[in-house]
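> Model the following, please.
(chains A and B)
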Number of protein chains: 2
Amino acid sequence: MRIVQKFGGTSVGDPERIRATADIVQGELECGNEVAVVVSAMSGETNRLLLLAAEMSESPAVRELDAMLSTGEQVSAALLAIELQRRGIVASSYNGSQAGFQTEGHFARARIRHIKCKHLLQRMQKKEVPVVTGFQGVDEDGNITTLGRGGSDTSAVALAVAVEADVCDIYTDVDGIYTTDPRIVAQAQKMDRISYEEMLEFASLGAKVLQTRSVELAMRYDMPIHLRSSFDLVTGTMVSKEDKTMERAAISGVAYNRDEAKITIRGIPDDPGIAANVFGPVAEEGINVDVIVQNVSEQGFTDITFTVPRGDYSRTMVIMSGICEKMDARDVKGDDSVAKVSVIGVGMRSHAGVAKKMFDVLAAEGVNIQMITTSEIKITVVIEEKYIELSVRALHNAFGLDHTETVEY
Amino acid sequence: MRIVQKFGGTSVGDPERIRATADIVQGELECGNEVAVVVSAMSGETNRLLLLAAEMSESPAVRELDAMLSTGEQVSAALLAIELQRRGIVASSYNGSQAGFQTEGHFARARIRHIKCKHLLQRMQKKEVPVVTGFQGVDEDGNITTLGRGGSDTSAVALAVAVEADVCDIYTDVDGIYTTDPRIVAQAQKMDRISYEEMLEFASLGAKVLQTRSVELAMRYDMPIHLRSSFDLVTGTMVSKEDKTMERAAISGVAYNRDEAKITIRGIPDDPGIAANVFGPVAEEGINVDVIVQNVSEQGFTDITFTVPRGDYSRTMVIMSGICEKMDARDVKGDDSVAKVSVIGVGMRSHAGVAKKMFDVLAAEGVNIQMITTSEIKITVVIEEKYIELSVRALHNAFGLDHTETVEY
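Predicted coordinates:
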């Protein structure tokens, strides 16, 4: 097998952790596998560097920030290479430039354009271990660029694609993706497999285990990601293409997000372009509008309801009041104690009735659904926040996730 | 004027010092000069990184050490660039690879082969400020290499040569080279000018202000070095080609070194090759032999006396005892309380009698000269250590260095 392994900041946080990480690398080599490693900066290092820059300037030049931040990974990569060599393993560190990560776009959020990785591949084939800095590359002018927070996941998947690895192992401090939050539902189970699409839906709902971009990249090139714990070497969750075994269950998991606020603007004259007029000013402020519902027009007037992150609630209310006046709408109402609950599963494509079952379960629990939005593999409802635990537990049970067997419905 | 400025670790040691350094850079720009800057790592940073590596392994791979250590300068260069930009100056940091420093030879002590600096020069000509990492480059295989401790001086001089600068300003925590140690002679004066050759002699005698390699490089390409203080912007000492004004005085300064020990092997059968037999084993141990004196042979036997750094005294005595037995010599004697005093000056080439005057002065003070060695521009004597202050003061005065006027003799 050819494997690209990615280790985060805690896995290279101190000499002891680096040794434990080297154990994992050595283990794969001893199984006869070809291995390349991608590392993040030692935990705390990126913040230390940001603090230094902040002491210098309130708005430090972003090109220079990238040059500074990239050193964090260069140090951790060298330290891991030193440890591997101490064990007699041939290993060398490579920074973004040396590893051939060519990027484009803005500093601080560059995109990987191409990886010139022939030399790395040759080393892997000789059972040598390239230890590559995550999170960074160089643009066409030779400037050092970074990929944004969490970019090391994307680095690892991109390298795995480039060297045609069999799998990209992403080591983290959790041991996989669960059917729902185990803090709410004790019977939550770790999933053995999950499709890229489902992983994206989980990620967009705030499961901060994998950077969304890395999943999108893996999906585009069909690179399986094995999400696993560096503290506990049990099998984690394999993120891969949807396969037959996944079709057994309609629903893979139940996700939720408390960080929601709901705003309704009522009685807007229903002219063409009202959506643009409402959401343009919100977008300009950098506020992410999520669920949007527009009612059917009645006597030339309509209502629009949407959700925003709770932290943007007050700002959005101010903007909407201005818009209300300008557009001659009736009024604006808001509620910052709502939350989202979603059921997710590629299986719902082939099972009718998932939505109906979801609504029945919530009705039986007396939970009022305020908004509904659907995608091909997800149904999301907005409800009062206080019903979150109740709803998640009821849905997790009703869709058969409390047990290892699936339940017919 | 086109200037390359070099700032050491204390000059970029914290935000306050970086701001003071930026003041100096800005000052030169405002005078209409073209400026490039070379920086060391923030003081303490190199040691912090070495400690991290030492925690990992007793003998960390030298390639990885270079990769780690090079990050120190990358951070300080970025911080200075951030500060310059905050002031509205167009500035960018460049690491060794980006600045085009191509090296050859070993890790940890690479030599600069070539600097591809066309892009840096173009920026300087546009009054932009490249801030370049000292101490480092990349070899032909793209590996990061460092030039050895103090290598930033060499980086600065090499860059100055490459961009055809008028001068290389090296900022440090002293304000120049003195005629002798001001701690011994209160009347010691800062020299306005000193030749490359004299500077090399001072450096080899332990004046740790400039790395010897950087002076050799400056001499080869005739690049004037302005050695000056970053704490006090008075004029420092200009290290440059010997010129007419330097010929006024026979002697430029008096230097000394306490770190000496003397060893004599007596009654060696005077066969061809005895020097090789004596010094071969010492060199193999990495011990630097300095002054060597061999007496005229008497009845087929000779004596050899030499000095070594005091820290190597015991080791050398052990080696010499073995050699004594093997070569059937009479005995070995040692003395680890000797010291060297030198008078240095390009002027002595054209002034007869400098040596005689030196010996007269020491004799008048009752100082016994144990060994003598000379170069074209230096006379060194080995004496008992306790006479050091007395000798330095007497020579400094006798050669007219206590005054601004030179003294005829």
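> what residues does the stretch 51-200 of chain A put near chain B?
For the stretch 51-200 of chain A, the residues in contact with chain B (Cβ under 8 Å from any Cβ of the partner chain) are A:52-53, A:55-57, A:60-61, A:63-65, A:67-68, A:70-71, A:74-75, A:77-79, A:81-83, A:85-86, A:92-93, A:95, A:97-98, A:142-144. In short, each C-beta sits where N, CA and C put it, glycine included.
> Of these, which belong to strands?
Those of these mapping onto strands are A:92-93, A:144, per DSSP state E.
> Run through who's touching stretch A:108-120.
Taking contacts as Cβ atoms under 8 Å, 6 or more residues apart in numbering or on different chains, the residues outside stretch A:108-120 that touch it are A:36, A:62, A:65-66, A:94, A:99-105, A:130, A:132, A:137, A:139, A:145-148, A:154-155, A:158-159, A:162-163.
> Throw together a PyMOL command that grabs the buried residues out of those.
Selection of the buried residues among these in PyMOL, burial being defined by 16 or more other Cβ atoms under 10 Å in any protein chain shown:
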select buried, chain A and resi 36+65+66+94+99+100+101+102+103+130+132+137+139+145+146+147+154+155+158+159+162+163
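> shaky segments in the stretch 201-350 of chain A?
Within the stretch 201-350 of chain A, the stretches with pLDDT under 70 are A:206-208, A:244-248.
> hey, where'd the strands end up in it?
For the stretch 201-350 of chain A, applying DSSP state E, counting those that start in this stretch gives strands covering A:225-229, A:237-240, A:253-269, A:292-294, A:301-309, A:331-344.
> tell me what the third one is packed against?
Spelled out, it's strand A:253-269. helix A:196-204, helix A:274-284, strand A:301-309, helix A:313-326, strand A:331-344, helix A:388-398 (3 or more Cβ pairs under 8 Å, 6 or more residues apart in numbering or on different chains; DSSP states H and E).
> For the closest residue to chain B within the stretch 1-150 of chain A, give its distance to residue B:144.
Residue nearest to chain B within the stretch 1-150 of chain A (Cβ to the nearest Cβ): residue A:71, separated by 3.6 Å. Shown here: residue A:71 relative to residue B:144, a distance of 11 Å by Cβ to Cβ, to the nearest Å.
> Look at these two and report which has more neighbours.
residue B:144 (30 against 27; other Cβ atoms under 10 Å in any protein chain shown).
> What residue spans form the domains of chain A?
When chain A is parsed with automatic domain parsing, its domains come out as A:2-172, A:254-398.
> so of those domains, which one's packed in deepest?
Highest mean neighbour count among these (mean count of other Cβ atoms under 10 Å in any protein chain shown): domain A:2-172, with a mean of 22.
> That one: how far from the chain's middle?
Put simply, domain A:2-172 sits 19 Å off its chain's centre (Cα atoms, centre = their mean, to the nearest Å).
> Next: stretch A:195-208.
With Cα atoms, centre = their mean, you get 6 Å for stretch A:195-208.
> so what's residue A:180 closest to, chain neighbours aside?
Ranked by Cβ to Cβ, 6 or more residues apart in numbering or on different chains and with sequence neighbours excluded, the top spatial neighbour of residue A:180 is residue A:254, at 4.2 Å.
> ok, the one you found - contacts?
A:179-180, A:185, A:341-344, A:392, A:395-396, A:399, A:401.
> Need those in CSV (columns: distance to residue B:112).
As requested, those are exported to CSV (distance: Cβ to Cβ, whole Å):
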residue, distance to residue B:112
A:179, 60
A:180, 60
A:185, 63
A:341, 63
A:342, 60
A:343, 64
A:344, 58
A:392, 64
A:395, 67
A:396, 65
A:399, 67
A:401, 64
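> My guess is residue A:90 contacts residue A:129. True?
Yes. Taking Cβ atoms under 8 Å as the definition, residue A:90 is a contact partner of residue A:129 at 7.0 Å.
> Find residues that contact each of the two.
residue A:123.
> Stretch A:184-197: which residues count as buried?
By neighbour count on 16+ other Cβ under 10 Å, the buried set for stretch A:184-197 is A:184-185, A:188-189, A:191, A:193-197.
> Ends of it, what's the gap?
End-to-end distance for stretch A:184-197: 24 Å, by Cα to Cα, to the nearest Å.
> mean confidence score for that stretch?
Mean pLDDT, computed over stretch A:184-197, is 92.
> Distance from that stretch to the middle of the chain?
For stretch A:184-197, the distance to the chain centre is 15 Å (Cα atoms, centre = their mean).
> next one: stretch A:318-335
Distance, centroid of stretch A:318-335 to centroid of chain: 33 Å (Cα atoms, centre = their mean).
> Need the distance between the two termini of that stretch.
Counting by Cα to Cα, you get 14 Å between the two ends of stretch A:318-335.
> Stretch A:112-125 too?
Start-to-end span of stretch A:112-125 (Cα to Cα) is 24 Å.
> Tell me which of the buried residues of stretch A:184-197 fall in helices.
A:196-197 (DSSP state H).
> So residue A:89 sits against residue A:23, correct?
No. Residue A:89 lies out of contact with residue A:23 (Cβ under 8 Å); the separation is 11.4 Å.
> which ones are touching the residue lying closest to residue A:226 once chain neighbours are set aside?
Distances taken as Cβ to Cβ, 6+ apart put residue A:169 closest to residue A:226, at 4.7 Å, once the chain neighbours are dropped. Applying Cβ under 8 Å, 6+ apart, we find residue A:169 in contact with A:3-6, A:225-226, A:228.
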